[in-house]
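Asker: Sequence and predicted structure are below.
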Amino acid sequence: MLGQDDRQRFFDEPKASLPQLNVMFMSKLSTDERNLLRYHAETARILRGSARGVVHQHLLGMGYIEERTVNMQDSVIVVTQAGRRALGFKS
C-alpha cells in the first residue's frame, strides 16, 4: 500500500502531454506499420480479394484501420480515429 508521501509524489510528477503520448505510441509501431497506416490515411484504398498481409492484419487488430465491404469481393480501408491519433492528426 502506498504511503501519503508516495501518493503525493505520484500526483506531483509531470505527466506526458497528448503529443508526447502520440510519439510514444507511434514509436511502438514498426516502420512498415507506420508507412502503411500513413498510406491508408492519405489515399482512398480499395482492396480486392481476401488476401491481407501481416502488417495490415496487425493494424486491423489494433483498431487503427477498418475494412468496410463494398461488394462481395472488394473492401474499402478506412483509418479510424485511433489510427489518425497515432499519426498525429487532430481529428
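Answerer: The structure has been received and is ready for your questions. Numbering: from 1, shown residues only.

Asker: now stretch 68-75: mean pLDDT?
Answerer: Averaged across stretch 68-75, the pLDDT comes to 89.

Asker: same thing with stretch 54-61?
Answerer: 91.

Asker: For that stretch, give me every contacting residue.
Answerer: The contact list for stretch 54-61 (C-beta atoms under 8 Å, 6 or more residues apart in numbering) reads 30, 32-33, 36-37, 40, 52, 65-67, 83. All C-beta atoms are positioned from the backbone trio N, CA, C, and that covers glycine.

Asker: Most neighbours among those, please name it.
Answerer: With neighbours taken as other C-beta atoms under 10 Å, the top of those is residue 37, carrying 23 neighbours.

Asker: who touches it in this structure?
Answerer: If a contact means C-beta under 8 Å, 6+ apart, then residue 37 has 29, 59, 64-65, 79, 83, 86-87 as its contacts.

Asker: Most widely separated two among those residues?
Answerer: Of all pairs drawn from these, the greatest distance, 13.1 Å, lies between 29 and 79 (C-beta to C-beta).

Asker: Tell me which of these two has more neighbours.
Answerer: Between residue 29 and residue 79, residue 79 has the larger neighbour count (other C-beta under 10 Å), namely 22 against 19.
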